[in-house]
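> coordinates only, sequence not included:
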């Protein structure tokens, strides 16, 4: 995981975790409390019983996140596992997540994702109009979203 990916993780408010059941029925849900630890993504399982069940049945996942103003980010694919409080590594993994939640959102398990593939996400405007700068994109996004 390079520094650019880590930067976008910090700049993203949400990530989207895609899982699939053992019968290949997809599920996508937003996750607010996530970060990295080394080359691993960790996500607090606050209220995601379907994601947890799917990961236990099928560890293949896809995670995506973007900076909504710059409109760039990453799609990460890999294998996930559910780490519960009884697992030896839970205490180490929970520490960076507790800093994010400030203890306000309890969680009894953590999704730990080992990354296998990385793909950048970039708004089409950058491709269709190569002269577009990140500053231009931020101004455009602020207008679109009604930010001042």
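Perfect, thanks for sending it. In this text, all values refer to a predicted model and were calculated from it rather than measured experimentally.

> how far away is the residue located most distally from the centre of the chain from residue 100?
Distance from the C-alpha centroid of the chain peaks at residue 131, with 28.9 Å (C-alpha atoms, centre = their mean). Distance, residue 131 to residue 100, by C-beta to C-beta, to the nearest Å: 37 Å. No exception for glycine: its C-beta is placed from N, CA and C like everyone else's.

> got the contact list for residue 97?
Under the criterion of C-beta atoms under 8 Å, 6 or more residues apart in numbering, the neighbours of residue 97 are 33-35, 42-44, 107, 110.

> What helices and strands are in contact with the helix or strand of the chain with the lowest mean pLDDT?
Across the helices and strands of the chain, the lowest-confidence element by mean pLDDT, DSSP states H and E is helix 134-145, at a mean of 86. Other helices and strands packing on helix 134-145, by 3 or more C-beta pairs under 8 Å, 6 or more residues apart in numbering; DSSP states H and E, are helix 124-128.

> Give me the distance from the helix it packs on to the chain's centre.
Distance, stretch centre to chain centre, for helix 124-128: 23 Å (C-alpha atoms, centre = their mean, to the nearest Å).

> cool, stretch 44-60 as well?
Distance, centroid of stretch 44-60 to centroid of chain: 14 Å (C-alpha atoms, centre = their mean).
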